[in-house]
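Visitor: Structure here, sequence nowhere to be found:
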Ligand SMILES: [Ca+2]
């Protein structure tokens with residue numbers, strides 16, 4: 001390999017890393033969700049199973065398609081994404097609609113990130129919109145950071161004794177700042193090692209010429 005080829009190889013290896021970090025935001029298939037409390041026959045999986053999504057970015061008002069908990073013991077939800085992702089946003093369909101207690105909608109929400117479901121770092125405090133329309137649209141919240149586990153701490157609602165949500169989606173790409181794959185490292189080392197060899201050879205040639 002000449003020096004141009006080696007620079008190209010090293011550049012290509014760096015390019016591969018950048019491409020992995022800049023992967024486009026796509027919907028993440030959530031592996032599971034748990035709630036600190038769930039009222040009666042409501043089911044927390046209704047948040048991640050597509051139940052009630054009727055097309056056009058809208059969710060129906062049927063309570064069978066929602067999750068609900070008690071507001072007096074502020075509920076917590078933990079979403080397991082199944083792997084670590086670089087998150088960019090979350091779309092959240094609130095507990096709204098014409099069926100039943102439209103003031104059950106979540107108002108304040110703190111979102112936190114974790115890679116081990118033990119230590120959490122806050123990703124921000126948010127407020128969700130309140131609408132009694134049926135069907136109804138989602139709030140899109142901007143998120144930044146890597147996480148496998150995403151926690152929602154619900155801090156207030158719009159007035160009822162209960163509160164809930166209807167559906168939650170996360171968007172993102174491959175985790176950034178992670179450890180490169182072994183093959184990528186090997187490729188980079190070949191590229192940089194080759195560069196070093198060429199530079200050393202050039203220096204020794206220069207030293208001979210100067211002697
Ligand atoms: Ca749902």
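Guide: That came in fine, so what should we check first? This is a predicted model, so every value here is computed, not measured.
Visitor: Quick check: the residue nearest in space to the middle of the chain vs the ion, distance?
Guide: With distances taken as C-alpha atoms, centre = their mean, residue 87 lies nearest the centre of the chain, 2.9 Å away. Separation of residue 87 from the ion (C-beta to the ion, to the nearest Å): 20 Å. To be clear about C-beta, it is placed using only N, CA and C from the backbone, and glycine gets the same treatment.
Visitor: Am I right that that residue sits in a helix?
Guide: No. Counting by DSSP: H, G, I helix; E, B strand; the rest coil, residue 87 falls outside a helix, being strand.
Visitor: residue ranges with poor pLDDT in this protein?
Guide: 1-23, 178-211 (pLDDT under 70).
Visitor: Up against the ion, what does it have?
Guide: Residues of the chain lying near the ion by C-beta under 5 Å from the ion: 46, 51-52, 65, 166-167.
Visitor: how about the residue nearest to the centre of the chain, what does it touch?
Guide: 28, 113, 123, 143-147, 150, 170-172 (C-beta atoms under 8 Å, 6 or more residues apart in numbering).
Visitor: which residues of the chain fall in helices?
Guide: Taking DSSP state H, the helices of the chain run over residues 3-21, 182-210.
Visitor: buried residues in stretch 146-155?
Guide: 146-154 (16 or more other C-beta atoms under 10 Å).
Visitor: Could you work out the most separated pair of these?
Guide: 146 and 154 (23.4 Å; C-beta to C-beta).
Visitor: How is this protein partitioned into domains?
Guide: 3-17+180-210, 31-174 (automatic domain parsing).
Visitor: measure the longest one end to end?
Guide: The separation between the terminal residues of domain 31-174, taken as C-alpha to C-alpha, to the nearest Å, is 16 Å.
Visitor: what does stretch 148-163 give?
Guide: OK, stretch 148-163 end separation, C-alpha to C-alpha: 25 Å.
Visitor: Distance from it to the middle of the chain?
Guide: Stretch 148-163 has its C-alpha centroid displaced from the chain centroid by 18 Å (C-alpha atoms, centre = their mean, to the nearest Å).
Visitor: Also stretch 33-46?
Guide: 21 Å.
Visitor: ok, and for stretch 42-51, which residues are buried?
Guide: Buried, per 16+ other C-beta under 10 Å, within stretch 42-51: 42, 44, 46-48, 51.
Visitor: Run through who's touching that stretch.
Guide: Contacts for stretch 42-51 (C-beta under 8 Å, 6+ apart): 30, 32-35, 38, 52, 63-69, 77, 79, 164-168.
Visitor: measure residue 176 to the ion for me?
Guide: The value you get for residue 176 to the ion, if C-beta to the ion is used, is 30 Å.
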